[in-house]
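Peer 1: this one's structure only:
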């Protein structure tokens, strides 16, 4: 379904493809260079709506809702394909929109992973990559060093089984009340942004709606799980979003292997106080175990916090060594959503890169 509450200058429509019905926000010149904004986990295109408004009108801004998010059709996520389902859906949307030339992909969080996956699969049609607090090329959870070495052979400690049940339940019940440490509004205020950030009330409600428009369950968020003999007793299943970004299936370090002449330039933007994708993520069991929040932690040698930022830098360094180029930009006092927290600085950097 289309939205009737978008900001002035932003259009909402549903694009029919051979894979699913995808809801898309658009702004700018349809004949201009295409810039595609890919949202993160437990979110939607709503998180890029202000960005679309601020994007110079000479560009064609596009922000789709991924399957199971926002106002797009719900379909199961085949985790064994990594982020391939989302990349395939994006390919179908751009084809349906008759955008066959090179595009710039702006991927935030898991959307950054989708952007990388798309660039790996279709390097000839990606003009540039902007990675905003992206998921590590080795996925989320269960790895111990910059090479992405798994803590356990079955990748225990990552995937659908490590989701917070209270948070998932609140999403399913569309709870807007801020009470409770795992309430979606509390998570939005505390972890999506630097805790000192103050939201505009109307925009906060829109972002919260974007979170609550997440389909929950074994086939979507957080995904299925299987029992494991390894700590903490669960390993990734084969369906759902969190399993798709488990290191068992997520292999984005392949981006360094793209042919030299097809490597798009990369702009890596991140906030210095990100608590979701960091070297000591508050959503990583290695961090929580070390803090005593998860019983039975096997220790630093076996299951340390995943060095997510260092892993991304190591892969991008290899990318550069093999003929690519990248720039890392860090915004101070900024959390997981620089485009929301420091929109002016974010847009300045983005436009400079685009030009």
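Peer 2: Everything's here; your move. What you see is a predicted model, and the numbers here were worked out from it, not measured in a lab.

Peer 1: my read: residue 87 touches residue 111, true?
Peer 2: No: Residue 87 is beyond contact range of residue 111, at 10.8 Å (criterion: CB atoms under 8 Å). Any C-beta I mention is one placed from the backbone N, CA and C, and that applies to glycine too.

Peer 1: what about the two, which has more around it?
Peer 2: Each of residue 87 and residue 111 has its neighbours counted (other CB atoms under 10 Å); residue 111 has more, 31 against 22.

Peer 1: ranges for the helices of this protein?
Peer 2: For the chain, the helices defined by DSSP state H occupy 49-54, 84-96, 110-121, 165-172, 184-187, 201-212, 241-244, 285-290, 308-321, 338-341, 343-354.

Peer 1: just checking, what packs against the fifth one?
Peer 2: It stands for helix 184-187. Judged by 3 or more CB pairs under 8 Å, 6 or more residues apart in numbering; DSSP states H and E, helix 184-187 is in contact with helix 165-172, helix 201-212.

Peer 1: per-residue confidence at residue 124?
Peer 2: With respect to pLDDT, residue 124 has a value of 94.

Peer 1: give the buried residues for stretch 228-244.
Peer 2: Across stretch 228-244, burial judged by 16 or more other CB atoms under 10 Å covers 228, 230-232, 234-244.

Peer 1: return the member of those nearest to residue 288.
Peer 2: residue 232 (9.5 Å; CB to CB).

Peer 1: list the contacts of stretch 75-91.
Peer 2: Contacting residues not belonging to stretch 75-91 are listed as 17, 19-20, 22, 36, 38, 64, 66-68, 110, 113-114, 117-118, 121-122, 159, 219-220, 223, 236-241, 243-246, 249-252 [CB atoms under 8 Å, 6 or more residues apart in numbering].

Peer 1: quick one, strands of this protein?
Peer 2: Assigned strands in the chain, in chain order: 11-16, 21-28, 34-38, 60-64, 103-108, 126-132, 216-217, 221-222, 225-227, 234-236, 266-271, 326-331 (criterion: DSSP state E).

Peer 1: closest to residue 172 out of the ones you listed?
Peer 2: strand 216-217 (4.6 Å).

Peer 1: isn't residue 234 right next to residue 226, touching?
Peer 2: Yes: Residue 234 is within contact range of residue 226, at 7.0 Å (criterion: CB under 8 Å).

Peer 1: between the two, which contacts overlap?
Peer 2: Joint contacts of residue 234 and residue 226 (CB under 8 Å, 6+ apart) are residue 161.

Peer 1: how about stretch 271-286: buried residues?
Peer 2: Buried residues in stretch 271-286, counting neighbours by 16+ other CB under 10 Å, are found at 271, 273-278, 280-281, 283-286.

Peer 1: ignore the last one, stretch 129-149
Peer 2: 129-144, 146, 148.

Peer 1: for it, what is the average pLDDT?
Peer 2: Per-residue scores along stretch 129-149 average to 98.

Peer 1: okay, how far is it across it, tip to tip?
Peer 2: 26 Å (CA to CA, to the nearest Å).

Peer 1: do the same with stretch 150-163
Peer 2: End-to-end for stretch 150-163, by CA to CA: 19 Å.

Peer 1: what are the buried residues along that stretch?
Peer 2: Of the residues in stretch 150-163, those buried (16+ other CB under 10 Å) are 150-152, 154-163.

Peer 1: again with stretch 313-331
Peer 2: For stretch 313-331, a neighbour-count test (16+ other CB under 10 Å) marks 314-316, 319, 324, 326, 329, 331 as buried.

Peer 1: and residue 333, how many neighbours?
Peer 2: Neighbours of residue 333 (other CB under 10 Å): 12.

Peer 1: I'd say it and residue 194 touch.
Peer 2: Yes: between residue 333 and residue 194 there is a contact at 5.7 Å, judged by CB under 8 Å.

Peer 1: joint contacts of the two?
Peer 2: Joint contacts of residue 333 and residue 194 (CB under 8 Å, 6+ apart) are 271, 273.

Peer 1: rewinding a little: turn the strands of the chain into a markdown table, including distance to residue 184.
Peer 2: Conversion of the strands of the chain to a markdown table gives the following (distance: least, CB to CB, whole Å):
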| stretch | distance to residue 184 |
| --- | --- |
| strand 11-16 | 22 |
| strand 21-28 | 20 |
| strand 34-38 | 21 |
| strand 60-64 | 20 |
| strand 103-108 | 18 |
| strand 126-132 | 21 |
| strand 216-217 | 11 |
| strand 221-222 | 12 |
| strand 225-227 | 21 |
| strand 234-236 | 23 |
| strand 266-271 | 20 |
| strand 326-331 | 24 |
